[in-house]
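> any chance you could fold what I've pasted below:
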Amino acid sequence: MDIVDRAEALRTRLGEQMRQGVLAFPLTSFTEDGEQVDVAGFATHLRRHLDTGAVALFVACGTGEFPSLTEQEYRTVVREAVTVTAGRAPVLAGAGYGWAQARRFVTIAAEEGVDGILLMPPYLARGSQSGMVEHVRRVATTSELPLIVYQRDLMALTAASVAELSGLPAVIGLKDGHSNFLELQRMQLAAGSGFLWFNGSLTAEMQYRPYASVGIAPYSSAVQSFLPEVSRAFFLAAREGDQARMDELLQGFFSPLVEIRDRVPGYAVALVKAGARLRGEQVGPVRAPLVDPDGSDLDDLAALIETGLALVR
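Residues are numbered from 1 along each chain as shown. As a prediction, the model looks like this:
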């Protein structure tokens, strides 16, 4: 199957799947000393995602601590995801840094049989629009896999740039972390029909409504990694247009979660991993420079998990 057929197949499958559930970004399980990937723990974590309604798995991405993984660890993670999933849901893997290194990760992911790539922003480099387009082009034109481009932090595209990228056969969509809704509407008009769009903001449920208002309903749920009961409840309420239920979950759980998240840089990942450990999952610690929550932050998270569970019982 060539890249055009692969891209169309993944575009179609994701388009259908995203109406049924959230996009999951699994944690990468490490041993207790943080030195190695805990393959058994990771496999259990993946199965739990599949069994609780995740419709696509994005592994070795931001929540999966991609920047902390060696190439061999990355291979281990994507191989296990493909093996455990066994076709039940699409598996996409993260790739990043400069385009030359991103190509190496894409090659590994293709060898291990993933369905697509989430191409993350270049590392520590703010480029011009032409430079950012060229970065994506350098990966996309040599890739065996379809790509979703993730814009956040140093990478912020314009409508004209998205129009260029949408013309590349391998590029099937864009995940947005900037929440610039005026520019997003311009981008959508420039890209045309068939291009996929994703709400990739932190704690994306909090911004579900403004993204949905510009036609971007699909979102990635970090909460799915530790409290799938609440993640699923919000998704169903949003799909059914149950505004009162959405408000109840936002006010009772998601907004307090954001308050804890914003206390320490890196908690967007570390809190999720701590929550999974509190739920009994074998995911291990985060790797530095991230830090695991402790003390009152951990106590507050534990109490919020109980509140969330009470909301969905």
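> C-alpha from now on. contacts and neighbour counts both.
Will do.
> how many neighbours does residue 294 have?
Applying other CA atoms under 10 Å, we find 12 residues neighbouring residue 294.
> list the contacts of it.
Contact partners of residue 294, counting by CA atoms under 8 Å, 6 or more residues apart in numbering, are absent.
> show the pLDDT at it.
At residue 294, the pLDDT value in this model is 95.
> list the contacts of stretch 61-73.
Contacts for stretch 61-73 (CA under 8 Å, 6+ apart): 25-28, 36-37, 60, 74, 93-95, 105, 118, 222, 268-269, 286-287.
> then that stretch to CSV, C-alphas only?
Presented in CSV, the C-alpha positions along stretch 61-73 are these (Å, rounded to 0.1, in the frame of the first residue of the first chain):
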residue,chain,number,x,y,z
CYS,A,61,3.9,11.3,22.5
GLY,A,62,3.8,14.1,25.1
THR,A,63,1.9,12.2,27.8
GLY,A,64,4.1,9.2,26.9
GLU,A,65,7.3,11.2,27.6
PHE,A,66,8.7,11.0,24.1
PRO,A,67,11.6,13.3,24.8
SER,A,68,12.9,11.0,27.5
LEU,A,69,13.0,7.9,25.4
THR,A,70,16.0,6.4,23.7
GLU,A,71,15.5,5.1,20.2
GLN,A,72,15.5,1.5,21.5
GLU,A,73,13.0,2.3,24.2
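> just the buried residues of that stretch, please?
61-69, 73 (16 or more other CA atoms under 10 Å).
> before we move on, back to that, from the contacts of stretch 61-73, list the buried ones, please.
Taking 16+ other CA under 10 Å as the criterion, what is buried in the contacts of stretch 61-73 is 25-28, 37, 60, 74, 93-95, 105, 118, 222, 268-269, 286-287.
> taking these one by one, which sit in helices?
Among those, DSSP state H puts 74, 105, 268-269 in helices.
> between which two of these is the distance greatest?
Farthest-apart pair in those is 105 and 268; separation 23.9 Å (CA to CA).
> which parts of the protein are helices?
3-17, 39-51, 71-85, 99-111, 129-140, 159-166, 181-191, 208-213, 228-240, 243-249, 255-261, 267-278, 295-312.
> out of these, which one sits most buried?
helix 267-278 (a mean of 22; mean count of other CA atoms under 10 Å).
> touching that helix from outside, list them.
Here helix 267-278 has contacts from 27, 62-63, 65, 202-203, 222-223, 225-227, 261-262, 282-286, 290-293, 298, 301-302, 305, using CA under 8 Å, 6+ apart.
> which other residues reach stretch 305-313?
Stretch 305-313 is contacted from outside by 227, 229-230, 233, 249, 252-253, 275, using CA under 8 Å, 6+ apart.
> how far away from the center of its chain is stretch 248-266?
Put simply, stretch 248-266 sits 18 Å off its chain's centre (CA atoms, centre = their mean, to the nearest Å).
> and that stretch, how far apart are its ends?
Taking CA to CA, to the nearest Å as the measure, stretch 248-266 stretches 27 Å from start to finish.
> please apply the same query to stretch 132-152.
12 Å.
> change the start of the numbering to 241 and stick with it
I'll keep to 241 as the first residue from here, and by that count the last item is stretch 372-392.
> mean confidence for it?
97.
> can you check stretch 460-480 too?
97.
> OK, contacts around the nearest residue to residue 255 once chain neighbours are set aside?
Excluding the flanking residues, the one nearest residue 255 by CA to CA, 6 or more residues apart in numbering is residue 436, at 7.6 Å. Applying CA under 8 Å, 6+ apart, one finds that residue 436 lies in contact with 251, 255, 412-414.
> residue 436 and residue 521, how far apart?
Counting by CA to CA, the gap from residue 436 to residue 521 is 32 Å.
> ok, residue 428 next?
Residue 428 is 39 Å from residue 521, by CA to CA.
> how near is residue 481 to residue 447?
15 Å.
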